[in-house]
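S.K.: Need the 3D shape of this:
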Amino acid sequence: MADEEDQLEQQLFREVDEDLRRERYMKLWKAYGRYVVGAAATVVLATSGWVWWQKHQSSVRGEEGERYAAAAALVGKGDPSAAIKAFSGVASQSSAGYATLAKLREAALRAGKGDIKGAAALYEAVAGDTSANRNLRDLARLLGALTLLDTGDPAKLTASLAPLAKSDGPWRYAALELTGLLAERAGDIKRARAIYTRLIDDAAAPSTLRARVRVYLELLG
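M.R.: Got it, this is the predicted structure:
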């Protein structure tokens, strides 16, 4: 049983991490297209949950896994509307693990279709679900802030990210990155520079994140 739970948790983190990277690069490309390395963005955008599912489908067991796999297949076939409906059904009919992942995937698809309000509501629901995995709840908070990066209140979004940015959790560096972008959007260039410099100087930060942050600093002049 413990092995199955560990396997499911690894599966959840793998897929939500892909969604996080995909959304982040899409936003970066929209804002700083000519400055971002095209090849890296293309690799991320080309990665789909269905490819991973095809590789590991043999490890999926039970009706919940089959329903989730069917919904993921719709994403791979380029049918986001049907996938949204399917993931919504998985979320309402599954236990905590698959329900949480389905909500996160549905939210990402809604954001991709321009339904920012719907996506933000789903992320908020996951973030407030005490039955969900804590790290996934934190991820939902992070993705919610990312979704509202261009339209939400910078002060409120920064406050929601503060616990993640100050923690030693898996989303610390991403939360700091978004906090810097929010400071820049709010016109607090001094704080944005300080955050970017801190990330660049942190040898433990992911190299890809540090590379992006260097771009932000260059854009600030």
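S.K.: Tell me where this protein has strands.
M.R.: Secondary structure of the chain (DSSP state E): no strands present.
S.K.: What part of it, helix or strand, is modelled with the least confidence?
M.R.: Using mean pLDDT, DSSP states H and E, the weakest-scoring helix or strand in the chain turns out to be helix 38-46, at a mean of 33.
S.K.: domains of this protein?
M.R.: 1-152, 153-221 (automatic domain parsing).
S.K.: With mean neighbour count as added columns, please give the ones you listed in a markdown table.
M.R.: From N, CA and C alone the C-beta is placed, and that goes for glycine too. Formatted as a markdown table, the domains of the chain follow (neighbours: other Cβ atoms under 10 Å):
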| stretch | mean neighbour count |
| --- | --- |
| domain 1-152 | 17 |
| domain 153-221 | 16 |
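S.K.: can you tell me which of these the model trusts least?
M.R.: Mean pLDDT across the domains of the chain is lowest at domain 1-152; the value there is a mean of 69.
S.K.: How about residue 185, nearest residue that isn't a chain neighbour?
M.R.: Take residue 185 and drop its neighbours on the chain: the residue closest to it by Cβ to Cβ, 6 or more residues apart in numbering is residue 154, 5.4 Å away.
S.K.: and residue 130, how far is that from residue 90?
M.R.: Noted for residue 130: a distance of 20 Å to residue 90, by Cβ to Cβ, to the nearest Å.
S.K.: Kindly report the same for residue 124.
M.R.: In terms of Cβ to Cβ, residue 124 sits 19 Å off from residue 90.
S.K.: Residue 70 too?
M.R.: 9 Å.
S.K.: and what of residue 199?
M.R.: Separation of residue 199 from residue 90 (Cβ to Cβ): 36 Å.
S.K.: now residue 182
M.R.: To residue 90, residue 182 is 32 Å away according to Cβ to Cβ.
S.K.: Cool, thanks, talk later.
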